[in-house]
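J.: this is the structure alone, sequence omitted:
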Ligand code: NAD
Ligand code: ZN
């Protein structure tokens with residue numbers, strides 16, 4: 001992690017009046033939630049999330065979905081925001097960033113105090129009816145699963161309820177269209193903890209005029225970035241925050 005890169009990143013953030021952040025699973029590994037693709041610790045080593053968390057399995061083999069992939073979703077509530085989430089909330093509060101576009105479904109940005117958060121892959125707070133769109137708390141859905149009501153039924157119309165998480169094979173929610181518009185108009189996008197392998201989110205860095213990537217491993221889009229900082233999200237963000245404060249004599 002070059003000291004100069006931290007300083008340049010801080011200057012880029014200071015000089016931009018429209019900065020957005022795009023986060024992925026690597027943002028939350030320091031909270032204890034495994035990402036998908038880090039060798040040895042990634043979830044991919046244990047199960048195939050593209051199957052366990054797929055629309056196909058949810059609709060064609062709901063028992064398998066609720067006994068495998070669904071458990072990954074419900075476990076997300078056991079974790080706490082880390083240093084990186086907290087710094088991002090501070091950067092927003094102080095007006096250095098405009099908001100966060102997240103692929104994560106763990107609610108940790110909101111719990112850390114970030115206000116402007118676009119969850120482009122959904123969330124693990126709620127579920128909804130596949131027919132009438134009736135909303136329920138995810139906990140309510142989990143209770144039904146524990147009572148072996150699979151698939152869980154909507155009390156309004158009798159159709160199936162499902163979690164409000166974007167599964168492999170699902171269409172993206174309207175939040176993604178909003179994220180696209182935002183990045184199209186932003187000055188700077190900071191990508192943190194994402195391998196940038198999941199489409200169409202990985203197109204976002206290509207439409208931003210300036211890009212900073214903060215990630216432990218290489219990504220396919222490193223060549224698009226003005227700066228790439230290899231390091232842990234929490235540590236790097238803390239250093240950038242201190243550098244911004246120093247630049248502004250705070
Ligand atoms: P990914 O697993 O494909 O990539 C994560 C990247 O983060 C890797 O390149 C890794 O090197 C990097 N990384 C890991 N720990 C880091 C750290 N402490 N600091 C900096 N970088 C770190 O994740 P993805 O690109 O987000 O794609 C996976 C999909 O699965 C996304 O939709 C994602 O939201 C979802 N997912 C979400 C969670 C969650 O909500 N916490 C967890 C697993 C997967
Ligand atoms: Zn319904």
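T.: Yep, that arrived. Remember, predicted model here, so these are calculated numbers, not experimental data. Numbering: from 1, shown residues only. Ligands and ions are numbered 1, 2, ... in the order given.

J.: and residue 147, its phi and psi?
T.: Dihedral pair for residue 147: phi -90, psi 20, per degrees, to the nearest 10.

J.: residues in contact with it?
T.: By CB atoms under 8 Å, 6 or more residues apart in numbering, the contact list for residue 147 is empty. The way it works is simple: take the backbone N, C-alpha and C, and place the C-beta from them, glycine included.

J.: where's residue 238 relative to residue 231, distance?
T.: 10 Å (CB to CB, to the nearest Å).

J.: residues contacting stretch 194-204, please?
T.: Contacts for stretch 194-204 (CB under 8 Å, 6+ apart): 22-27, 35-37, 101, 103, 120-121, 172, 176, 179-180, 183, 189, 205, 215, 217, 219-221.

J.: do it and ligand 1 meet?
T.: Yes: looking at stretch 194-204 against ligand 1 by CB under 6 Å from any ligand atom, the contacts come from 194, 195, 197, 198.

J.: for that stretch, buried residues please.
T.: 194, 195, 196, 198, 201, 202, 204 (16 or more other CB atoms under 10 Å).

J.: now the lengthiest helix in the chain, how far from the centre of its chain.
T.: In terms of residue count, the longest helix belonging to the chain (DSSP state H) is helix 233-247. Distance of helix 233-247 from the chain centroid (CA atoms, centre = their mean, to the nearest Å) equals 21 Å.

J.: avg pLDDT for that helix?
T.: Summarised as a single mean, pLDDT over helix 233-247 is 96.

J.: just list what that helix packs against, helices and strands only.
T.: helix 3-15, helix 83-93, strand 211-214 (3 or more CB pairs under 8 Å, 6 or more residues apart in numbering; DSSP states H and E).

J.: and the contacts of the next helix or strand after the longest one?
T.: Okay, so that is helix 3-15. The helix or strand immediately downstream of helix 3-15 is strand 19-23, counting by DSSP states H and E. Strand 19-23 is contacted from outside by 13, 88, 96-104, 109, 182-183, 186-194, 201, 204-205, 208, using CB under 8 Å, 6+ apart.

J.: strand 19-23 and ligand 1, are they touching?
T.: No: judged by CB under 6 Å from any ligand atom, strand 19-23 stays clear of ligand 1, getting no closer than 7.5 Å.

J.: next one: stretch 118-127
T.: Yes: looking at stretch 118-127 against ligand 1 by CB under 6 Å from any ligand atom, the contacts come from residue 121.

J.: other residues contacting that stretch?
T.: 73-74, 76-77, 99-107, 135-138, 140-141, 152, 161-166, 172-173, 175-176, 178-179, 182, 201.

J.: gap between residue 101 and residue 156?
T.: The gap separating residue 101 from residue 156 is 32 Å, by CB to CB.

J.: more neighbours, these two?
T.: For the pair residue 101 and residue 156, the greater number of neighbours falls to residue 101 (26 against 13), based on other CB atoms under 10 Å.

J.: what helix or strand does that one sit in?
T.: Short version: residue 101 belongs to strand 99-102, going by DSSP H and E.

J.: alright, that wraps it up for me.
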